[in-house]
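Engineer: let me see the structure of the following:
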Amino acid sequence: MSSGVEDQLKALYDEQKQLTNELKVLREHERELSREATLRRSKRDKIKHERQPLLSQARKARELRDEINAQIAEIKKLRDETVGHSRQLRQKIAFTGPGRKDSSEFDLFSVVELKYKIYDLEYRLQTSTHTPKEEKELVDQIADIEDIVEKRIAEGKLDGIEAPSPSEDIITMIDELKGKAQNSHEEMLLLVERGQKEHAKVNQMFDEVSRLQDEENRLHEEFVEILNTLEDTRTRIENHQRRLDILKDEIVDLRIQRAETKKKVRINANQERLSLLMAKKKSGESLTPEEMEFLMAQGESPF
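Structural biologist: Model prediction:
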């Protein structure tokens, strides 16, 4: 028997054993990856189911906030129009007096109107983005108007500049406009407070939606990464299995080759021994019982 065949068989058996062990590890890794992929997908889908209703609620809350802001804008417009109309009436009265001159842009403002102005400036300061210079100008203007308000209150001049006594109709109209402006302003303040609460609620909800979206994206990326690794692992398993199938066929072929070689060697050995024993028998030498049995097994007479 050729030692080359035995060497080849040994090499194939060694490779088969190594591949079988690696295949066992790969299949366990495949099962673990499948479990991890299922877990990531389950967590991702759970977060998605949490995020979608919250996103819908956040959008509805934002719509409500925008509706409130729109109402605020309408009421503010009505209030400003009312205040403007009242100021026009008082300006008309004020400038009908002899020698009356305007000394300040706020002379015609009542204390209530000045407070409106302060509120508007503070609201603009808090809700809009400004350069440092613009912010300082707003702060200074607020401080100036607050000083005027304090001075007016101290002097008892709540209605602005002194003017000749108007008619009763004008006084009534101005009072009605002032009351209407006051009511509008109070209604606006209530809506502003509600709008600020809704705005904070909207921001909080969208922050949570964003957090859930980030978590969902992270889990999805991990899920995809695991799937890619799982695909690579399955490819390796297929390659290992394919190689094992090839090895199996190669081992079978070599074993057949080895068996045929052994058979051929045995036949040649028997044929050589038969020839020797037949020559011994022909020469008249005595055969041993074993030799006689061998001849009979080969279909030859030992006698």
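Engineer: using CSV, list the CA coordinates for the lowest-mean-pLDDT helix or strand in the chain.
Structural biologist: Of all the helices and strands that make up the chain, helix 111-127 has the lowest average by mean pLDDT, DSSP states H and E, namely a mean of 79. Output in CSV follows, covering the C-alpha atoms of helix 111-127 (Å, rounded to 0.1, in the frame of the first residue of the first chain):
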residue,chain,number,x,y,z
VAL,A,111,-50.2,104.8,31.8
VAL,A,112,-52.2,101.7,30.7
GLU,A,113,-50.9,102.1,27.1
LEU,A,114,-47.4,102.6,28.4
LYS,A,115,-47.8,99.3,30.3
TYR,A,116,-49.0,97.7,27.1
LYS,A,117,-45.9,99.0,25.4
ILE,A,118,-43.6,97.6,28.2
TYR,A,119,-45.3,94.2,27.9
ASP,A,120,-44.9,94.1,24.1
LEU,A,121,-41.2,95.0,24.4
GLU,A,122,-40.6,92.4,27.1
TYR,A,123,-42.4,89.8,25.0
ARG,A,124,-40.3,90.6,22.0
LEU,A,125,-37.1,90.5,24.1
GLN,A,126,-38.0,87.0,25.5
THR,A,127,-39.3,85.4,22.3
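Engineer: next SSE after it?
Structural biologist: Beyond helix 111-127 in the direction of the C-terminus, DSSP states H and E gives the next helix or strand as helix 132-155.
Engineer: mind listing the helices in the chain by residue range?
Structural biologist: When assigned using DSSP state H, the helices of the chain occupy the ranges 3-94, 111-127, 132-155, 168-282, 289-297.
Engineer: got the buried residues for the last one?
Structural biologist: By that I understand helix 289-297. In terms of neighbour count (16 or more other Cβ atoms under 10 Å), helix 289-297 has its buried residues at 291-292, 294-295. Heads up, the C-betas are built off the backbone N, CA and C, glycines and all.
Engineer: and the residue nearest to residue 205 when sequence neighbours are not counted, how many neighbours?
Structural biologist: In space, residue 205 comes closest to residue 58 once its chain neighbours are excluded; the distance is 3.8 Å by Cβ to Cβ, 6 or more residues apart in numbering. Other residues near residue 58 number 21, with proximity taken as other Cβ atoms under 10 Å.
Engineer: my guess is residue 58 contacts residue 206. True?
Structural biologist: Yes: counting by Cβ atoms under 8 Å, residue 58 sits close enough to residue 206 to count as a contact (5.2 Å).
Engineer: dump the helices of the chain into TSV; add distance to residue 303 as well.
Structural biologist: Formatted as TSV, these follow (distance: least, Cβ to Cβ, whole Å):
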stretch	distance to residue 303
helix 3-94	42
helix 111-127	129
helix 132-155	132
helix 168-282	8
helix 289-297	8
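Engineer: and these, which one averages the lowest pLDDT?
Structural biologist: For these, the stretch scoring lowest in mean pLDDT is helix 111-127; its value is a mean of 79.
Engineer: so what secondary structure elements neighbour it?
Structural biologist: Here helix 111-127 touches helix 3-94, helix 132-155, helix 168-282, going by 3 or more Cβ pairs under 8 Å, 6 or more residues apart in numbering; DSSP states H and E.
Engineer: so which of the ones you listed is nearest residue 112?
Structural biologist: helix 168-282 (6.5 Å; Cβ to Cβ).
Engineer: how far does the closest one sit from the chain's center?
Structural biologist: Centroid separation between helix 168-282 and its chain, computed with Cα atoms, centre = their mean, to the nearest Å, is 15 Å.
Engineer: which strands and helices sit next to that helix?
Structural biologist: Of the remaining helices and strands, those touching helix 168-282 by 3+ Cβ pairs under 8 Å, 6+ apart are helix 3-94, helix 111-127, helix 289-297.
Engineer: list the contacts for the nearest residue to residue 201 once chain neighbours are set aside?
Structural biologist: Spatially, and ignoring its direct neighbours in sequence, residue 201 is nearest to residue 61 (5.6 Å; Cβ to Cβ, 6+ apart). By Cβ atoms under 8 Å, 6 or more residues apart in numbering, the contact list for residue 61 reads 198, 201-202, 205.
Engineer: so how many other residues sit close to residue 198?
Structural biologist: Counted with other Cβ under 10 Å, residues neighbouring residue 198 total 20.
Engineer: can you tell me how far it sits from residue 188?
Structural biologist: Applying Cβ to Cβ, to the nearest Å, the value for residue 198 to residue 188 is 15 Å.
Engineer: one step back: of the contacts of residue 61, which pair is most distant in space?
Structural biologist: Largest pairwise distance in those, by Cβ to Cβ, is 10.3 Å, between 198 and 205.
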